[in-house]
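1. Kindly generate the corresponding structure for this input.
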Amino acid sequence: MTTVVFTHGTGVREPHLAALLAQVASGLAATAPGARLTAYDWGGEHGARLAADGASIPAAPGAGTGRSTGGPEDPDETEEWARLYEDPCAELAAAAAGGGPRVTPPGAAFPEERPKTLLRELAAHGEPRAGAIGPGLPEAAAGLARSPLLKAAAEALDQETLAWVLARALTATVIASELAADNPVQSGGDARDTAVAALAERLGAAPAGTSRGPLLRMAGKPLVRLGSRYALRRRRALTDAAHPAAGDILKYLARGEDMRQGLRDLVAALEPPVVLLGHSLGGVISLDTLISGPLPGVELLVTVGSQGPFLYETGALPSLAHPDPLPAHVPPWLNLYDRRDLLGYAAEPLFPGRAHDIATDSRQPFPVAHSAYWTDPAVHRAIGERLP
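-> Have a look, this model is predicted:
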């Protein structure tokens, strides 16, 4: 009788492991009724945990200082800027949507003419005081001068308010482009606010003022509640929920020998033939264990939605460095990945003749696709057909 050793992925702990194992067993029973399934519960003994009960988690900004950290009077503008980096014209659009049509008297200038002219001058000559936020200001100003939102916003806002709204939009556009370019150095809040004040002045605002704006706060309340302030205030709860998965990966890459040795000990106690079946990080553990030394009795390696090939290609797989080949003692390798699973990788291009890939499609988006393998009959069929 073939024994299939199932090695789970990141963050899996009881009672979820039992439910997962039952699902895998149910699927294999239809394609390989003679196989026996057993689990390697490395997470229970070797998985990551907060050994000091989260002593490394900082308090939220303002905690213990008497400052507000979440009420409507909170002066922290982080949420508004997070929204603007995502959509630099969000505040301008809110202003435009709130304005009604205005009749311009004969011979009078249209409301958008002056800000459009100032934006074009800014595009042509720049603003040295805003240089710290990045080099893209001329392009941002030229684009904003062409924006279809400018006319309605100019009709809805007075000159002073419009200047600040445009200054924030320009600043957010430049910083967003720096973020998109993965620039490793980003401007701080002081440099950002200095740039906003300088740009607002160039666009018609009085020299003294504030970059705080109520329009974005009112227009983006749902996004504000789900933004970084929410995350900071609930950082402990979010860490408790997320650390097993992230911590498992980091702990394995730093100190994975205990996990590999546990798998060796389990396999040594089983009658052959044995198949190693690993999901996600479990596939990495299974692959690494096989590479690091022969496991008598193991006749097949099956990895599902695993990062082993990616770690090998990037030089992060502990047991094998690219471009070294798989050792001869590694058994045949079946690697399954869902085309929509961003955590599943192909092995065959890296190990031609040694690994065989099967691409599946659960028709689920990521991240659901990463956990949908065990309800996909094609996955169980592919495994069952290859069991010794």
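
2. hang on, G143 is in a helix, isn't it?
-> Yes: secondary structure of G143 (DSSP: H, G, I helix; E, B strand; the rest coil): part of a helix.

3. in terms of contact, does it touch A169 like I think?
-> No: between G143 and A169 there is no contact under C-beta atoms under 8 Å: 9.8 Å. No exception for glycine: its C-beta is placed from N, CA and C like everyone else's.

4. So which residues make contact with stretch 13-33?
-> If you take C-beta atoms under 8 Å, 6 or more residues apart in numbering as the criterion, stretch 13-33 is touched by 2, 4, 6, 8, 12, 35, 37, 39, 41, 43-44, 47, 244, 277, 374-375, 377, 379-381, 383-385, 387.

5. So which of those residues are in helices?
-> 43-44, 244, 377, 379-381, 383-385 (DSSP state H).

6. now, which of those residues sits nearest L263?
-> Nearest to L263, judged by C-beta to C-beta, of the ones in helices among the contacts of stretch 13-33 is G43 at 12.5 Å.

7. and the closest one, what does it touch?
-> 8, 11-13, 17, 244, 248 are the contacts of G43 under C-beta under 8 Å, 6+ apart.

8. quick one: which of those is most hemmed in?
-> D248 (28 neighbours; other C-beta atoms under 10 Å).

9. number of nearby residues for the closest residue to that one other than its chain neighbours?
-> Among residues not flanking D248 along the chain, T10 sits closest, at 4.3 Å (C-beta to C-beta, 6 or more residues apart in numbering). Other residues lying near T10 total 23 when counted by other C-beta under 10 Å.

10. next one: Y373
-> By the criterion of other C-beta under 10 Å, Y373 has 26 neighbours.

11. Am I right that the residue nearest to D248 is in contact with S280?
-> Yes: between T10 and S280 there is a contact under C-beta under 8 Å: 5.9 Å.

12. which SS class is the residue nearest to D248?
-> T10 - assigned by three-state DSSP - is coil.

13. ok, which stretches of the stretch 51-200 of the chain are helices?
-> 78-86, 90-98, 113-125, 137-145, 149-156, 159-180, 189-202 (DSSP state H, counting those that start in this stretch).

14. the inter-axis angle of the fifth one versus helix 90-98?
-> Right, the one you point to is helix 149-156. 60 degrees (axes from the mean of the first three to the mean of the last three C-alpha atoms, to 10 degrees).

15. elements contacting helix 149-156?
-> Packing partners of helix 149-156 (3 or more C-beta pairs under 8 Å, 6 or more residues apart in numbering; DSSP states H and E): helix 90-98, helix 113-125, helix 159-180.

16. just the fourth one next, same as before
-> When contacts are defined as 3+ C-beta pairs under 8 Å, 6+ apart, helix 137-145 sits against helix 113-125, helix 159-180.

17. Figure out which of those is closest to P325.
-> helix 159-180 (38.4 Å).

18. got the CA coordinates for the closest one in PDB?
-> Output in PDB follows, covering the C-alpha atoms of helix 159-180 (Å, rounded to 0.1, in the frame of the first residue of the first chain):
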ATOM      1  CA  GLN A 159      -9.400  80.600  -6.200                       C
ATOM      2  CA  GLU A 160      -7.700  80.000  -2.900                       C
ATOM      3  CA  THR A 161      -9.300  76.600  -2.300                       C
ATOM      4  CA  LEU A 162      -8.700  75.500  -5.900                       C
ATOM      5  CA  ALA A 163      -5.000  76.400  -5.700                       C
ATOM      6  CA  TRP A 164      -4.600  74.100  -2.700                       C
ATOM      7  CA  VAL A 165      -6.600  71.300  -4.300                       C
ATOM      8  CA  LEU A 166      -4.500  71.500  -7.500                       C
ATOM      9  CA  ALA A 167      -1.200  71.700  -5.400                       C
ATOM     10  CA  ARG A 168      -2.200  68.500  -3.600                       C
ATOM     11  CA  ALA A 169      -3.100  66.800  -6.900                       C
ATOM     12  CA  LEU A 170       0.200  67.700  -8.400                       C
ATOM     13  CA  THR A 171       2.200  66.600  -5.400                       C
ATOM     14  CA  ALA A 172       0.300  63.300  -5.200                       C
ATOM     15  CA  THR A 173       0.900  62.700  -8.900                       C
ATOM     16  CA  VAL A 174       4.600  63.100  -8.600                       C
ATOM     17  CA  ILE A 175       4.900  61.000  -5.500                       C
ATOM     18  CA  ALA A 176       2.700  58.300  -7.000                       C
ATOM     19  CA  SER A 177       4.900  58.100 -10.100                       C
ATOM     20  CA  GLU A 178       8.000  57.700  -7.800                       C
ATOM     21  CA  LEU A 179       6.200  54.900  -6.000                       C
ATOM     22  CA  ALA A 180       5.300  53.200  -9.300                       C
END
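
19. average pLDDT for it?
-> Mean pLDDT, helix 159-180: 91.

20. Report the distance from that helix to the chain centre.
-> Remark: helix 159-180 is offset 25 Å from the chain centroid, using C-alpha atoms, centre = their mean, to the nearest Å.

21. what does stretch 259-266 give?
-> 31 Å.

22. what kind of secondary structure is L336 in?
-> Strictly by three-state DSSP, L336 counts as strand.

23. and it, bridged to which residues?
-> V304, I358 (DSSP bridges).

24. returning to what we had before: identify, out of the helices and strands packed on helix 149-156, the most deeply packed stretch.
-> helix 159-180 (a mean of 23; mean count of other C-beta atoms under 10 Å).

25. Show me what that one is packed against.
-> Helix 159-180 packs on helix 78-86, helix 90-98, helix 113-125, helix 137-145, helix 149-156, helix 189-202, going by 3+ C-beta pairs under 8 Å, 6+ apart.
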